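Peer 1: sequence plus the predicted model coming up.
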Amino acid sequence: MATPFRLKRSSVAGKRPGALQKGELAINFHDGHLFAERDTGGVGIGTTITLLTPWKESFGGGAIQYTGVVTATRYEGEGGNLTLGTPTSGSYRTGALSLTSSTKVDNSIEHLNYILGKLVPNEPDTIGGVSLTLDGAAGTGRLCAGFTATNNTGGSAPVAGTQYTRNTDSTITTAYITEYGPGDSGTIEGFVNATGIGSTAFNDTFGQGAIKSDNGTFGALQIANDKDAVDSTRNVGIASFFYEVYDARFIDAASPDGFNKAHMSHAGNSTANLFWYEDPSTVGAPVISFSGVTAPSNPALNYSSGVPHYTEAPANDFTYTMTVTNATGDMYSDHVFVTSDGATSGFNDPGDKTYTNFSGANPPVRNFGVGTGVDCVITNTVKDLHLTLTSDHFSRYDAVTPYGAHNDQRVSYSTNINIMGTTATTTQIDEDNILITSLGTGSGNATRVNAGAAGDNPTATYGTWDVTSQVASYEAVTRGGVLRHDQTNYSTGYLPAGPNYSSGRSGAQYFQMELMRSDVSQFNISVTGSYGGCWVCLPDNSAWTSALSGTNGWASMFAAYRGSGVPTSGEPGCASGGNMSGSSGTFTSVFGTESSSNDSNNRILIRWRLDNGDSITAMSFSAT
């Protein structure tokens, strides 16, 4: 039969019941407490009276109070009203926080955490957004058009004409990314396309919690230089034992043919994607070859000493065909893939060449020029100058693709080319334009006249010179801006083809010219080159020609002036301050008591003799 419950009561403050029988409860109505008897299980006193309501509720509710020590296995809930209490020393010392026994626990922890946060150094840089770089790649290349490249990335396909890093050995190794962190927690993993190719979890390597070094190779992922961040050169100033940093790279990761990407991830951060093209092409380096050179068929010509020369007119263009094989594979380097080394001494730069110059497109198609070469016509335009081109006529070219290069290629051409532009020159020998500077009264430069006859002192003549006519055997030749003793057959081995001067011309050859100036009694002759003699004459001055009747009016620059009067047949020298000897220099010619104004035409003749091997490259006349 069940035991009935019975209640005991008391109104005395602080009174507890001495003993209770089974089924009895005691209530102290003054204190508001409820008591029951608890069996101690034979430990100590057999039974004990237990206060079932050891707290007091605040009037109005919302809180309870407890006097004494409260213990529990676990506390839960917001601790806003928990206080610190009094320390063993009896009070709190002055510190970073102002604390009292009634300071709330949660506020204290929040302030403490804030202060500690100022003491903790910033974390080292993470790998987020860091660029990866292929080590040992085969340079770069642009993707050709006309085919669908394999796309292994799972994302956007590669675009024709776009430049990508190029790889060719079916594996990739990247340069280390260095000193990133934190290298003591989290897992780092490497990916090629969507495939993981290695990973490792980071551990503490330094300090009290050290487990092991994280250096090592994990699949195709390699970690090195795992160290305390205090030694970082990237993030300087991190205290020891807070963080670690590491270096990481891919090593010998498999790389399938086509377009690929790779990245690393660590603790929610990822490097930037690295993209490259694994190029399976087997084409070789480009090869340049040339057709023969086509000379102008209907040229525009200038003449000098009867020798034809090309001008800079468009009718004088020289052409040939350049052929390039292996112009592309899967990739190409640039739209301009054949480059010129520049102009030559006789021809302007024909310029760099693009795929469109070879009847291709931009971007070019895959395997353009493989098997059968592609062609481009090269047009070479003549420069506006005076010279004879004897070697290295046309520009050299370089062809470059991702598969190699063929450099310094020049079409072979051995025919000499005579060039005489339409712009007059005074820095070379131009038969109708030899420089006069500040000399006497008059205008115009010196011009060539007929030498009249062989010999050093023939009767002075000054017939008009015809640049187009074949010269006499005793006349020197001006060709390509150079005056020379000439025995050349211009009908073969030269373009434009000209006269045959190879026979009957072994003796002395002469170059005679006139200056038309008044008020000249002396002047300077500047010459560059070699020669066998130089004479001066005032052909229409009777006093002069009479005094020099024995030399037909010719005074020699190879002999000194006699010092008074005019030169004479016995003393025909007219050099002052130094005689000519057949070499370069500036020399002074004097007329003594005579002047060009006493010549009825103000004409001064100068006669040069050139012996075998002699040539003159520059000449001018000026006041002393």
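Peer 2: All right, it came through fine. Numbering: from 1, shown residues only.

Peer 1: quick one: low-confidence ranges for the stretch 51-200 of the chain?
Peer 2: For the stretch 51-200 of the chain, the stretches with pLDDT under 70 are 52, 59-63, 67-68, 70, 72-81, 84, 95-97, 108, 111-120.

Peer 1: helices of that one, residue ranges please.
Peer 2: 105-119 (DSSP state H, counting those that start in this stretch).

Peer 1: now the strands: where do they sit in it?
Peer 2: Secondary structure of the stretch 51-200 of the chain, counting by DSSP state E, counting those that start in this stretch: strands at 55-57, 64-66, 134-135, 140-143, 163-167, 171-174, 177-180, 187-192, 195-201.

Peer 1: state whether Thr545 is indeed within a helix.
Peer 2: Yes - counting by DSSP: H, G, I helix; E, B strand; the rest coil, Thr545 is located in a helix.

Peer 1: for the closest residue to Ser564 other than its chain neighbours, grab the count of nearby residues.
Peer 2: Counting by Cβ to Cβ, 6 or more residues apart in numbering, Ser564 lies nearest to Gly592, which is 7.0 Å off, once chain neighbours are set aside. Just so you know, the C-beta spots here come from the backbone N, C-alpha and C atoms, and that holds for glycine as well. Neighbour count for Gly592, taken as other Cβ atoms under 10 Å: 21.

Peer 1: got it, and Val566?
Peer 2: When neighbours are counted by other Cβ under 10 Å, Val566 registers 21.

Peer 1: same question for Ala343.
Peer 2: Neighbour count for Ala343, taken as other Cβ under 10 Å: 15.

Peer 1: could you tell me how many residues sit around the closest residue to it other than its chain neighbours?
Peer 2: Spatial nearest neighbour of Ala343, chain neighbours left out: Asp349 (4.2 Å); criterion: Cβ to Cβ, 6+ apart. By other Cβ under 10 Å, 13 other residues sit near Asp349.

Peer 1: now do the same for Thr3: its pLDDT.
Peer 2: On pLDDT, Thr3 comes in at 64.

Peer 1: let me fix that: Ser395
Peer 2: Listed pLDDT for Ser395 reads 98.

Peer 1: assign a three-state SS to it, would you?
Peer 2: With three-state DSSP as the basis, Ser395 sits in coil.

Peer 1: so what's the residue count around it?
Peer 2: Using other Cβ under 10 Å, Ser395 is surrounded by 21 other residues.

Peer 1: mind checking how far it is from Glu189?
Peer 2: To Glu189, Ser395 is 55 Å away according to Cβ to Cβ, to the nearest Å.

Peer 1: repeat for Asp375
Peer 2: Separation of Asp375 from Glu189 (Cβ to Cβ): 53 Å.

Peer 1: which of the helices or strands spans Thr321?
Peer 2: Element membership for Thr321, per DSSP states H and E: strand 318-325.

Peer 1: how far away from the center of its chain is that strand?
Peer 2: 29 Å (Cα atoms, centre = their mean, to the nearest Å).

Peer 1: which residues sit against that strand?
Peer 2: 286-296, 338, 347, 353, 358, 369-380, 382, 393-394, 397, 399, 411 (Cβ atoms under 8 Å, 6 or more residues apart in numbering).

Peer 1: ok, 6 Å please
Peer 2: Strand 318-325 has contacts (Cβ atoms under 6 Å, 6 or more residues apart in numbering) with 286-291, 293-295, 369, 373-380, 399, 411.
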